[in-house]
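Enquirer: Sequence and predicted structure, then a few things I'm wondering about:
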Amino acid sequence: MRQRIDGEAVVAWKSMLVRGSFPATLFALFAAVGCSSGSGGKNPGSGGSSGTAGNAGTTGVAGNEGGSGVAGNEGGSGVAGNEGGSGVAGSSGNAGTTGGGGSAGPTDAGADHAPIAFEEQILEFARDYISWGRVDDEWRWAPGLCRIPQPGIAHQSMSNDPNTHGQKLYSLFAKNWANYPNGPHDGQVVVKQSWKVEEVTGPDASFKPPITGGAIDADHFYPYAKDPDGGIFHATELAGLYIMFKLDPSTPESDEGWVYATVLPDGQVTSAGRVASCMGCHESSATHERLFGVQKSVAF
């Protein structure tokens, strides 16, 4: 196939021929194409010798089409240039190191935690115990001594340990009131409602439980206690619940069937089962199996 080269390119070639400065590669290409340079029947020049193969990637300049004279024979095909060698593939970069894990944020109080033995039962008792009634709320049964029923009152703890019951007031609830505290204890549940305490001082300090009234299923509670020396103490803020309940004596993680538990005011179960701080007293000193017992009726 022949291609046309414009007049300016032809003039440039002639100029280079006159000066003897025509590049060898163009000369070879021109000879290979075999274009006629004159008019009439001149024989075409012989084909140019094959040039040295060029490096791959350089495109040769095509020869122009012959003039109006007899077309010359096509020159021999030039030797094809060698293809450039394939480049060597780059080596893979090393894998980046994994970033260290972020530090843990504050623990969410509502987050999941490891299961605690008996937890579902304990949470059920903590939800329902108010409806059982306080063991010393006389409005729920007929008192003796021909007097007005009295509400439940706050009691002083006999414990000297401030980390458990010590230095607190409490009120007691029993699921099976008729069986408290003597038994039988099968299925019994006792909840000790524990309160922080402050002493009431001043000339008007007195201990006067009110006359109980209102609905029979209401909670009647006088949040004060009187110690043997005459001091008056007020139950101020709920400190938590201490729960005991009786299962089959063969129940694992129990004290011959008794299970001890502690619950914070926000409802979080903090211990359950064979709680050592509970068993240390209830195993050795309790008077009704594992229960100490609170007087149901109090004479004022």
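Expert: Yep, it's here. Numbering: from 1, shown residues only.
Enquirer: do you know how far Asn176 is from Phe245?
Expert: 11 Å (C-beta to C-beta, to the nearest Å). Every C-beta, even on glycine, is put in place using the N, C-alpha and C of the backbone.
Enquirer: Output the below-cut-off pLDDT ranges for the stretch 201-300 of the chain.
Expert: 212-213, 216, 297-300 (pLDDT under 70).
Enquirer: Three-state assignment for Met279, please.
Expert: Here Met279 is recorded as helix under DSSP: H, G, I helix; E, B strand; the rest coil.
Enquirer: so who does it touch?
Expert: 255, 260 (C-beta atoms under 8 Å, 6 or more residues apart in numbering).
Enquirer: quick one on the thing from earlier: now for Asn176 and Phe245: what residues contact both?
Expert: Joint contacts of Asn176 and Phe245 (C-beta under 8 Å, 6+ apart) are 188-189.
Enquirer: Count the neighbours of the closest residue to Asp186 other than its chain neighbours for me.
Expert: Closest residue to Asp186 apart from its sequence neighbours, by C-beta to C-beta, 6 or more residues apart in numbering: Lys246 at 6.0 Å. As a burial measure, Lys246 scores 24 neighbours (other C-beta atoms under 10 Å).
Enquirer: circling back: and Asn176 and Phe245? Which one has more around it.
Expert: Set Asn176 next to Phe245 and count neighbours by other C-beta under 10 Å: Phe245 wins out with 21 against 16.
Enquirer: So Lys246 is in contact with Gly257, correct?
Expert: Yes: Lys246 lies in contact with Gly257 (C-beta atoms under 8 Å); the separation is 5.3 Å.
Enquirer: And the helices in this structure?
Expert: Assigned by DSSP state H, the helices in the chain fall at 7-19, 24-33, 119-128, 276-282.
Enquirer: Any buried residues in the shortest one, and which?
Expert: It stands for helix 276-282. 278, 281-282 (16 or more other C-beta atoms under 10 Å).
Enquirer: Now distance to Asp217 too, for these, in TSV please.
Expert: Converted to TSV, the buried residues of helix 276-282 look like this (distance: C-beta to C-beta, whole Å):
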residue	distance to Asp217
Cys278	31
Cys281	33
His282	31
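Enquirer: and which of those is nearest to Tyr224?
Expert: Checking the buried residues of helix 276-282 against Tyr224 by C-beta to C-beta gives Cys281 as the nearest, at 25.3 Å.
Enquirer: Against Ala114, how distant is that closest one?
Expert: Taking C-beta to C-beta, one finds Cys281 at 27 Å from Ala114.
Enquirer: before we move on, back to that, among the helices of the chain, where is the model least confident on average?
Expert: Lowest mean pLDDT within those: helix 24-33, a mean of 38.
Enquirer: What is the longest strand anywhere in the chain packed up against?
Expert: In the chain, assigned by DSSP state E, the strand with the most residues is strand 232-246. Secondary-structure packing of strand 232-246 (3 or more C-beta pairs under 8 Å, 6 or more residues apart in numbering; DSSP states H and E): helix 119-128, strand 169-174, strand 189-200, strand 224-226, strand 258-263, helix 276-282.
Enquirer: Which one, of these, ends up nearest to Leu238?
Expert: Nearest of the helices and strands packed on strand 232-246 (C-beta to C-beta): strand 189-200, 6.0 Å.
Enquirer: and the closest one, what other elements does it pack with?
Expert: Against strand 189-200 (3+ C-beta pairs under 8 Å, 6+ apart) you get helix 119-128, strand 169-174, strand 232-246.
Enquirer: tell me which residues in it are buried?
Expert: In strand 189-200, counting by 16+ other C-beta under 10 Å, buried: 189-195, 197, 200.
Enquirer: Could you give the bridge partners of Phe221?
Expert: Under DSSP bridges, the beta-bridge partners of Phe221 are Gly152.
Enquirer: What is the neighbour count of it?
Expert: 19.
Enquirer: So it is in contact with Ser171, correct?
Expert: Yes: contact criterion C-beta under 8 Å: Phe221 and Ser171 qualify, at 6.3 Å.
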